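Undergrad: pasted the sequence and its predicted model underneath.
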Amino acid sequence: MKEKVVLHHLKRVNGEEIDIVIEDGKIAEMTGAGQARGDQEWDASSLYVSSGWIDMHVHAFPEFDPYGDEIDEIGVKQGVTTIVDAGSCGADRIGDLVANGKASATNLLAFLNISRIGLKRVDELSELAWIDRDRVKEAIADYSDSIVGLKARISQSVVRENGVEPLRIARELSLETGLPLMVHIGSAPPDIREVIPLLQRKDIITHYLNGKANNLFDASGEPLPILTEAIGRGVHLDVGHGTASFSFRVAEAAKRNGINPDTISTDIYRGNRLNGPVYSMANVLSKFLYLGYSLEEVISAVTSRAAQWLGRPELGRIRVGDPAHLTLFAVKETPAALIDSEGERRVSNRHIEAKGVIIHGKFIECEVRA
Ligand SMILES: [Zn+2]
């Protein structure tokens, strides 16, 4: 886009209508609707615009099975301009992941798995020898532009006999490197009451709305005290929907109790993209509209709030002079069924459809099945 391209009549989530002028890959101008002039003018009057969506939890290393996918399939083709790979790779393969990211249209950032093998196996913390502290530090030094935190998956099938020991080591590595932790929670052991107290300000709990027996809410849907205490310490709550980690029942209880997501992420990979229950970022966002969150709240959870956590505010705003990374989407007022990780269905009357992104000076159309 060397020429001046005008997108007319875009709606922002606060209802304001604007024109955006893009020139040389940058936002050149923003005006009232219908006022801007350029070399190419497009009518975008049925569409919403936000800064490019950020997905804080994806699996973007296609070689690893089952938890892998192609970067642009889960990025720009979903309306997501920045993906944060959630520990697919440890020190052994992080270089390959970062190189793949540079060859893709989607921006890629990553949590480094504390296990050097990453998700080459799905019990990557079952052998403590796979947590190689020197290799962790070398990887962080080599890829400091891309690594935003450390990932530790602390659930039974991952840690086997090791309980919270991998998390204790992760905590020490966090202290030594200054990087926060993203901690996956799931089935016990370890008991969730041993896990959450180890988390500190800026750490992320991902899968916080999972419906497994070891979840963060009691039988009547009240948040466990360890959860409210963690929120008080500044621990960040991330959705990480995934194949097995998002329950409408738990999400409804969380909403009732005001335990709201800081960021909405998919935990998407090939299997749950093609076969559900994730399908796409837009599908996950629609679930939060169904739960009663406003469009502004939902979109801020994949734009400004994620950007703020990342310490990259420019990724979460639309401002003249910034590189243009935008997501164009529609909000359809037609009924559609949504399904959670437990097979529970809800019918929502509003859903979000990703239509396209603008990134690196190009328009890329979305290709989303659901
Ligand atoms: Zn994951």
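TA: Ah, there it is.

Undergrad: find the closest residue to the ion in this structure.
TA: Closest residue of the chain to the ion, Cβ to the ion: residue 267 (4.2 Å). C-beta coordinates here come from the backbone N, C-alpha and C atoms, glycine included.

Undergrad: so what's the residue count around that residue?
TA: The number of residues packed near residue 267 is 27, by other Cβ atoms under 10 Å.

Undergrad: you'd agree it is up against residue 57?
TA: Yes - taking contacts as Cβ atoms under 8 Å, residue 267 lies within contact range of residue 57: 4.8 Å.

Undergrad: overlap in contacts, these two.
TA: With Cβ atoms under 8 Å, 6 or more residues apart in numbering applied, the overlap between the contact sets of residue 267 and residue 57 consists of 86, 206, 240, 242.

Undergrad: the third one against residue 57, yeah?
TA: I take that to be residue 240. Yes - Residue 240 lies in contact with residue 57 (Cβ under 8 Å); the separation is 4.3 Å.

Undergrad: shared neighbours, these two?
TA: 86, 206, 265, 266, 267.

Undergrad: my guess is the second one meets residue 184, correct?
TA: Yes - using Cβ under 8 Å as the test, residue 206 is close enough to residue 184 to be in contact (5.4 Å).

Undergrad: go back to the shared contacts of residue 267 and residue 57 and keep what's next to the ion.
TA: residue 86 (Cβ under 5 Å from the ion).

Undergrad: the shared contacts of residue 267 and residue 57 into CSV, with extra columns for pLDDT?
TA: Output for those, formatted as CSV (pLDDT from 0 to 100):
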residue, pLDDT
86, 98
206, 98
240, 98
242, 98
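
Undergrad: among the shared contacts of residue 267 and residue 57, which are in helices?
TA: With DSSP state H as the criterion, helices contain none of these.

Undergrad: what sits against residue 40?
TA: Taking Cβ under 8 Å, 6+ apart, we find residue 40 in contact with 3, 4, 5, 6.

Undergrad: what about 6 Å?
TA: Going by Cβ atoms under 6 Å, 6 or more residues apart in numbering, residue 40 touches 3, 5.

Undergrad: which ones among the shared contacts of residue 267 and residue 57 lie within strands?
TA: The strands in this structure, assigned by DSSP state E, contain 86, 206 from these.

Undergrad: show me what from the stretch 51-200 of the chain comes close to the ion.
TA: Taking Cβ under 5 Å from the ion as the criterion, the neighbours of the ion within the stretch 51-200 of the chain are residue 86.

Undergrad: where in the stretch 201-350 of the chain is pLDDT low?
TA: Per-residue confidence for the stretch 201-350 of the chain (pLDDT under 70) gives no ranges below the cut-off.

Undergrad: so where do the helices sit in it?
TA: In order along the chain, the stretch 201-350 of the chain carries the following helices (DSSP state H, counting those that start in this stretch): 225-233, 248-256, 270-274, 281-290, 295-300, 304-310.

Undergrad: quick check: which of those helices is buried the most?
TA: When neighbours are counted by mean count of other Cβ atoms under 10 Å, the highest per-stretch mean among the helices of the stretch 201-350 of the chain falls to helix 281-290, a mean of 25.

Undergrad: that one vs helix 248-256, what angle?
TA: Orientation check (axes from the mean of the first three to the mean of the last three Cα atoms, to 10 degrees): helix 281-290 against helix 248-256 gives 60 degrees.

Undergrad: residues contacting helix 281-290, please?
TA: The contact list for helix 281-290, computed with Cβ under 6 Å, 6+ apart, reads 55, 78, 80, 241, 264, 266, 298, 338, 346, 348, 350-354, 370.

Undergrad: among the residues you listed, which two are most distant?
TA: 80 and 346 (23.3 Å; Cβ to Cβ).

Undergrad: part of a helix, is residue 196?
TA: Yes - judged by DSSP: H, G, I helix; E, B strand; the rest coil, residue 196 forms part of a helix.

Undergrad: can you tell me the closest non-neighbouring residue to it?
TA: Spatially, and ignoring its direct neighbours in sequence, residue 196 is nearest to residue 226 (4.3 Å; Cβ to Cβ, 6 or more residues apart in numbering).

Undergrad: buried residues in the helix ranked longest in the chain?
TA: Determined from DSSP H, the single longest helix within the chain is helix 165-177. For helix 165-177, the neighbour count (16 or more other Cβ atoms under 10 Å) marks 166, 167, 169, 170, 171, 173, 174, 177 as buried.

Undergrad: which elements pack onto the very next helix or strand once past it?
TA: As assigned by DSSP states H and E, the chain's next helix or strand after helix 165-177 is strand 181-185. Applying 3 or more Cβ pairs under 6 Å, 6 or more residues apart in numbering; DSSP states H and E, one finds that strand 181-185 makes contact with strand 147-154, strand 204-206.

Undergrad: okay, the ones you listed in JSON lines with distance to residue 189 and mean neighbour count next?
TA: Listed next are the helices and strands packed on strand 181-185 as JSON lines, based on distance: least, Cβ to Cβ, whole Å; neighbours: other Cβ atoms under 10 Å:
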{"stretch": "strand 147-154", "distance to residue 189": "10", "mean neighbour count": "25"}
{"stretch": "strand 204-206", "distance to residue 189": "17", "mean neighbour count": "26"}
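
Undergrad: compare the ones you listed and give me the one nearest residue 294.
TA: strand 204-206 (23.0 Å).

Undergrad: output the contacting helices and strands for the closest one.
TA: For strand 204-206, the contact count by 3+ Cβ pairs under 6 Å, 6+ apart identifies strand 181-185, strand 236-238 as packing neighbours.

Undergrad: on that earlier part again, now a ChimeraX select for only the buried ones of the contacts of helix 281-290.
TA: Buried residues among these (16+ other Cβ under 10 Å), as a ChimeraX selection:
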select :55,78,80,241,264,266,298,338,346,348,351,352,353,354,370
